[in-house]
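Novice: Predicted model follows, preceded by the sequence.
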Amino acid sequence: MAEQTSPPTAHHVGRAQLLVCAGTGCVSGRSLKVREALLEEIDKRGLKDEVKIVATGCQGFCAQGPIMIFQPDGIFYQKLKPEDVPLLVEEHLIKGRPVEKFMYVPSAGEPPIPKLSDIDFFNKQRLIVLRNRGLIDPEKIDEYIGREGYQALAKVLASMTPEEVIDEMTRSGLRGRGGAGFPTGVKWGFTRKAPGDDKCIICNADEGDPGAFMDRSIIESDPFSVLEGMAIGAYAIGASHGYVYIREEYPLAMERLHIAIDQAREYGLLGEDIFGCGLNFDISVFRGAGAFVCGEETSLISSLEGRMPEPRVRPPFPAQSGVWNMPTNINNVETWANVPVIMRRGAEWFSSIGTDTSKGTKVFSVVGNVNNTGLVEVPMGTTLREIVFGIGGGIPNGRKFKAVQTGGPSGGCIPASLLDLTIDYERLGEVGSIMGSGGLIVMDERTCMVDVARYFLEFLVDESCGKCTPCREGVAQMHGILERICAGQGRDDDIEMLIELAEYVKDSSLCALGGTAPNPVLSTLKYFRDEYTAHIADGKCPAGVCKALIQYSISADACKGCTKCARVCPVGAITGAKKQPHTLDRSKCIKCGACYESCSFDAVLVE
Amino acid sequence: MEAIQTTSTADDDEQTTFEPRIVAFLCNWCSYAGADLAGTSRLGYPPNIRIVKLPCTGRVDPLFILKAFERGADMVLVSGCHPGDCHYTSGNYHARRKLPTFRSLLEFMGIDPRRFQMSWVSAAQGGKWSQVVADITALATELGPFEYFERIRDNRN
Amino acid sequence: MPTLTVNRQEIEVADGATVLDAAKACGLEIPTLCHHRGVPSAGACRICVVEATSRGRTRLIASCAYPAEEGLVVQTESERIKRSRKMTLELLLARCPESERIQEMARELGVDTPRFKTENRNQKCIMCGLCVRVCNQVIGVGAVCFSGRGQTREVVTPYKELSDVCIGCGACAVVCPTGCIDPAEFRDKLLERIPNEFNCGFDSRRSIYVPFPQAVPNKPVIDRENCIHFRTGGCGACAQICPAGAIDYEAEDEFTEEKVGAIVVTTGYQLYNPAAYEEYGYGRYPDVVTSLEFERMVSASGPTGGNVYRPSTFEYDDDGKIVGGEKPMVCVFVKCVGSREEVKHKPYCSNICCMYTAKHTMLYEHKVHDGQAFVFYMDVRAPGKNYEQFVRRVAKEKTATYIRGRVAKIFPRNGKMVVWGADTLSGNQVEIDADLVVLAAAVVPSSGAVDLAQKLRIGYDEHEFFNEAHPKLRPVETNTAGIFLAGACQAPRDIPETVAQASGAAAKALGLVVRDEYEREPIVACVDENTCNACFNCEPVCAYGAIGEKEIRDRKGNLVKIVAEVNPGLCQGCGACAVTCRSNSIEVEGFTDAELYAEIDALVP
C-alpha cells in the first residue's frame, strides 16, 4: 500500500520515526507507557533530535496492541510492553537489527512477518476513510495538512458552487454510512433546497452498536477529515453551524475532537470567513449520554435539543425541520470523513470503487471468533470470506466458522453458505441483514444462534425508547419467547408466534430501531431454524451454550488427569486423582463451562 | 321659649337698652332654610339679627365681614351646612378653613374675636337656629357696643 | 391545500392536516388511543395505523401524526392494518388487563385474552404519553415526564414526588385514554376551585364562564387570574374548541370615553358581613348562611338546582357542581342582623328583610315539606301594599313560628347548630337545635360607593348611601346637575320602590337630554375677561370642574391671552371661585360683590 508506507510529512524527519498507536485499544494496553518508556530511552541515549516519537490514532489491528510502526523501515511491532523498550531501542535503533520477538506471526509455527505492508490484515485493505490512520499525530493539524488535508475544502471554496458540490457528491454515489444508505448528495440537496434562513449540519458520532468502533477510531486517528468534510458540507448546504453529537463514553475521541476544533479555528479553517471565501461555519461538540436510539435522526435531534431521545413521526424530515426547526442534515462520522477525498479526487475516481449500487469503501469492525480482530476498510463488493478469512485470519483454535452477524444488534446473521456474498447495501438486505454502521461479528461453531438472537433482543429491549407499542411491547415479548426457548421451555407454536410478532414489529414500529429489531430473529430463523427446533422439540442446544439444555461430562478415555479442570471448577464438582481420569458430579455442576474451556485434550464433553 | 324670655327681659331692663346689631351670612341651602323653618315652626328668636343670604358659606368673602363691622355691626355670624352636607360638596369646607384664619387676623387687629361667630345649622334645625341666635345675641349684649371703627373715625376727625 | 386519496376517494384538506383528519373528513372512523384533539400527536400507540403509499412504497403509518401530503394514497381498511391493530391491542391488553377501554377495543377486534403475559404490568397505563404531552406542550408546565426507557419506562413526576410546578389543572387526567391518572393523587395540588361568585361561592365555575344566567351580553369572559393560558402561556383549549374563533387572548381591557347628557347611578347594595357578630359564627360554621346565600339555594337555576341542603353536607361532582346534600329539617331565620343596632352596627332599618324572610319561610316549606322554620324578629315591618296580609298568611298558615326576640349565640353541637335566643313575649329563653340558620343581614351600599361619589361629585351620608338633592322634593336627583339616583344605592329599598324611583330617574334624565336647549339656573359665575390674569386659582376650588380655559385671539387669529372660562351648564353658582379670585375677576350672577356690599350697607345703616 503506497499510502500506508509513505512517511508522514513533518517539520523534522530525522533518522527514524516511531509511530506508537494511541487508539483506545492500545491505550488500554498501556501504549502510552510504552511511548513514555521510548521517550525516556531515547533521551537517555541522546537520540532525541534524531528520532521522533509520534502518538497516532488507531491503526486498526487492535487485537495485537499495543502496536508500533518503525519508520522508515515499515517494521510492524506488536504486543509491546514498557519493559521491552530498552531491548527494542538497543537492537533496532542502535544496532539496526529488527527484533523478531515483537513481530507479527500469522499462525503458530510460521515465520514472523516484519513489514507492515506484508501483513494480510493490512495489505488486503483499501484505505480511503482511514487514509491517515497511524500516519499522523491526530492532535496536530499540520500533519493532516501535510497529507493533503484541507486541499479539498480549498478547491471547493475556490472553484465550485454549492450546487456543483452537491452534484459531485451525488455523482460519486456515496451513501450514508450510518446504516440506512441514503445517497448523501441527494440528502444534502434536500437540506439545501429546504426553506429557512439558517441551516444546521450534524455529525452523528453516537456509535451505539455493541462491538462497533469505527467512528470512534476515525475521530481518534483523523479528526480533521471529519471537520473538513463538515466544512465542505456546510458550504454546499448553506449551514452556518455544525454539531458533533458524540457519546460521553468516548473521552479520548472527544478530547482529540476538541483539540482539532481549536486548531482548525486557530488556522482559520473554522469560524468566520474561512479561507477568506466568506464561508462562516463553526462546530460545537455535544456530548450524548449514549442511547442506542440516538442513531435515529429525530431521536438525536430531540436529545440535542435537551429532551429525552425519542424518535418522532417523519415527515417532516430533518432536512425540512430539524434542530430547533432549522433544516438539518445529519451524516455519520464515516460519511463526513469520505467527503474530503471525494472532493479532492473527484466523483469519477470514487465511483470507480465498489459495486454498481454501493460505491467506495466501508469500514468494518471485525470482532468475535476471529483471529485478527480490528478495524478494516475494504471496497464495497468485497466478499465476506475475504474479510473473515483473508483479513481476519480465520477462526481461532481451528474451529469451524458458523455465521457472521452484520449491522449491529438489529442486523442479521449470515450463514457459512453465503460466505461468498459480496458486501453492499442491497446484497445484505437481500439476505435479511443490514449494513448498519459496519459491525461485523464472526461466530464459530460453539455459538448458539438462538442464544445470539436472544442476546441481541435483550440489548434491543433495553435500548428501545419505549415510545411506540410494537417496539416496547413486541420486542419484549419476542425476547421473552427466546428466553423461554433457551431455558428449554419452548412451546410448539413459539416459532410461529415469533414470526408473527417479528413481522408485526417490523411493519408497525415508529422508527428504524423497531423496524429492524426483529432482524436477528428473522435471519437466524431463516438460516438456522433447525437449531430452534432442536431447542424446542428435542430439548437440546446443538452448540452447547444454553445451560438448561446441556450436560457436561468427562470422557474417561480422553482425560489425562491433568487436574486443570478440577482447579478451575468454581463449585468443586470435578474430582479425580492426578494422572487418573476425572469425574464430574452433575448434581453440583452449575454449567459454567470453565472446565470445557480449560481442557487441553477435548475430554470435557457437552451433550 | 328661652329666646322669647331674653327679649322680654331686654325690654324690661332700663340698663340694657343696648340692642346689638348682628349681621349673619347664611347659606341658602341649610342655615337660611333652617331659619325659615324656625319661622314656619313659630320659634321665636331675638330680632337683632340681620340676614344676608348667600348661595354658600364658601361665597363669604372676609371683606364682607369687615364691611359689616365697618358699617357698625356689633357681631357677625356665618352659618352654613354641616361639614359633609354642603350642597356644593365642599363650599363649607372652604369656609371652615378660611374664616378661622380670618378670625385670628381680627384678633391681631385688636378686635375681640368673639365678635365673629360661625355655626352649622341644617335646613331641619329650626330649633337650633333660634338657639344660636339667642346665644350670640346674649354674647353680643354682654360684649357691648362695637366701637372700634367709630374710634378710628373719631381719631381721624 | 394538499389533495390526497383516501380509500379511492380524493379529498382536499387544509395545510397542516393529518391523514387522520383527512380520513375523518371522508367520514371514516379510525380507532385512536394516544391521540387527543388539541394535543400534539406522537404516533406512539400505533392503533391508528393505515397503509400509505408514496413514491411507490406502501408502509404502515400512524395516521394521527402523519401529515396529509399531496398525492398520498391512503388505505384505511386492509388485512395488514387489521393484523397490526389486533396485535397492538393484544400486547396492550397483556400489559394493561385492567383497562376497560383497552378491553373494549380489543374485544371489538376479536381479542379476548392475550396470548402474552407481561411482568411488572402497570394496571392501566399504556405509555401513550398524552399526559406528558399535554402537560409539557399544551399546559406548558412540565410536571410529568417519562423516566426510563423501554420496559422500564414510566410516567412520573420528578423524583416521583408531588411536583412543585404542578398547578393541579388535571389536564393529564382528562386526556388519559385509559383513565389511569387519578386526580386524587395530587389532591393537595389541585387547582383551588374557583368559587362561583354569583352563587355566593357555593359551587365553582371555570376560568372561562358566563358571569350569571341573565348577563348582558350573555357571553363568556376569561378570568385571567385563574386561566391556565395566562398563568403558563399554554393550554389554549378554549380557542381550539371555539368554532367561531371568538377567543382572543390578546384582547385587553380598555377604557372607553363616552360623552353623555345624564347619569343614573344604580350601584345597588350588598349585605353587611354578619361575621361582625362573632357570636353567630358566620364564616366559621358552614350551616350559618346569609339570606342572599339562602336565596341562591332556593333558586331553580342556582347551585343546588332549587334544593335546600345544609352547606356542611354538600356533595360535589368532579366538576365542582353540587349534586346532593342533607335537607335541613329545622331552619332558623334571624332578622335585623346588623340593622337597627345603633351601638355596634347600623342604626337604620334595612327595609326589605321582614318581607323576604316571610317569603323565605314559605319557600322553605315548599322545598322541605316537613321542615320547621323559626323566625327571630324585633318588629315585623310590613308597610306596603298587601305586605301585611302576606306576613299574616305566613303566621296564620304556621309556615313559620315567629319569636319576638334577639338571638344571643349560635354554636354547633352534635352536628346541629344550637340557637340560643330570647322570647320576649313569654319572657323565656329559647334554645333551638337547628340544621340551618339564615341571617337576614343589613343592607349596606356596594363597596366602592364612596369612590364613585367622589368621582361623580355627589354627596353621601354617614352610611355611604348617596344623597338625594332633597328628601321630599327632589328624591331622584343629586345636587350635581344631570346625575340621578335609583334603587338601593340611595337607601335600602325593595323592588317596587326601586322600580318607581328608577322610572322617575329615567324620566328626569330623559327630560334633560331630549331638549334642544338646556335650561339652567341663572345664578352662575362669570369671568371678567379683561381683568382675569389666568392664574387659575379658581380651578381647584370648583367642585364641579366648571372652570375651563379660553383663548382670546385677535382678528388675525393670533393668541392674545388665555383666561378662565366658566361652563354655565356645570356651574352651580356656589361662589367659591369668586372668593378665591385675587383679581376679583369672577362674580356670581345675583351675588356679586357690589350687590352684597349694598346689602350689608342697607342692613347696617
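Specialist: All right, it came through fine. Numbers count the residues shown, from 1 in each chain, chains lettered A, B, ... in the order given.

Novice: dump the residue contacts of residue 476.
Specialist: You didn't say which chain, so I picked chain A. Taking Cβ atoms under 8 Å, 6 or more residues apart in numbering or on different chains, we find A:A476 in contact with A:V461, A:S464, C:T118, C:G150, C:Q151. From N, CA and C alone the C-beta is placed, and that goes for glycine too.

Novice: should've been chain C
Specialist: C:V476 makes contact with C:E468, C:F484, C:L485, C:A486, C:Q501, C:G504, C:A505, C:K508 under the criterion Cβ under 8 Å, 6+ apart.

Novice: Got a quick PyMOL command for the buried subset of those residues?
Specialist: In PyMOL syntax, the buried subset of the contacts of C:V476 is picked out as below (16 or more other Cβ atoms under 10 Å in any protein chain shown):
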select buried, chain C and resi 468+484+485+486+501+504+505+508
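
Novice: okay but A:R97 is in contact with A:E91, surely?
Specialist: Yes. Using Cβ atoms under 8 Å, A:R97 is in contact with A:E91, at 5.0 Å.

Novice: These two: who's more crowded?
Specialist: A:E91 (16 against 10; other Cβ atoms under 10 Å in any protein chain shown).

Novice: Sort the contacts of A:A476 by pLDDT and name the bottom one.
Specialist: Among the contacts of A:A476, C:T118 carries the weakest pLDDT, at 75.

Novice: where are the low-confidence patches of chain A?
Specialist: Within chain A, the segments meeting pLDDT under 70 span A:1-14.

Novice: which other helices and strands contact the helix or strand harbouring C:Q501?
Specialist: Remark: C:Q501 resides in helix C:495-513, with elements defined by DSSP states H and E. Here helix C:495-513 touches strand C:263-265, strand C:483-485, going by 3 or more Cβ pairs under 8 Å, 6 or more residues apart in numbering or on different chains; DSSP states H and E.

Novice: which SSE is the residue in the stretch 301-450 of chain A positioned nearest to chain C in?
Specialist: Closest residue of the stretch 301-450 of chain A to chain C, Cβ to the nearest Cβ: A:V313 (3.9 Å). Following DSSP H and E, one finds A:V313 outside all helices and strands.

Novice: sorry, back to before: just the buried positions in the very next helix or strand once past the helix holding C:Q501, please.
Specialist: Sequence order places strand C:525-527 as the next helix or strand after helix C:495-513, per DSSP H and E. Applying a neighbour-count criterion of 16+ other Cβ under 10 Å, one finds C:A525, C:C526, C:V527 buried in strand C:525-527.

Novice: show me the contacts for the first one.
Specialist: What it means is C:A525. By Cβ under 8 Å, 6+ apart, the contact set of C:A525 is C:A546, C:V566, C:C571, C:G573, C:G575, C:C577, C:A578, C:I586, C:E587, C:V588, C:E589.

Novice: what about the closest residue to the fourth one other than its chain neighbours, how many neighbours?
Specialist: The shortest distance from C:G573 to any residue that is not its chain neighbour, by Cβ to Cβ, 6 or more residues apart in numbering or on different chains, is 3.7 Å, and that residue is C:I523. Counted by other Cβ under 10 Å, the residues lying close to C:I523 total 16.

Novice: so C:I523 sits right up against C:E587, yeah?
Specialist: No. Assessed by Cβ under 8 Å, C:I523 is found out of contact with C:E587, at 10.9 Å.

Novice: List the contacts of the residue nearest to C:G573.
Specialist: B:P55, C:G573, C:V588, C:E589, C:G590, C:F591.

Novice: for those residues, which one is nearest B:K67?
Specialist: For those, the closest approach to B:K67 (Cβ to Cβ) belongs to C:F591, at 14.5 Å.

Novice: What count of nearby residues applies to the closest one?
Specialist: C:F591: 22 surrounding residues under other Cβ under 10 Å.

Novice: Look at it and report its pLDDT.
Specialist: Per the predicted model, pLDDT is 92 at C:F591.

Novice: Likewise for B:T16?
Specialist: In this model, B:T16 carries a pLDDT of 54.

Novice: likewise C:A25?
Specialist: On the pLDDT scale, C:A25 gets 90.

Novice: for it, what are its contacts?
Specialist: C:I11, C:V13.

Novice: In chain B, what residue lies closest to chain C?
Specialist: Closest point on chain B to chain C, by Cβ to the nearest Cβ, is B:R59, at 3.1 Å.

Novice: Lovely, talk soon.
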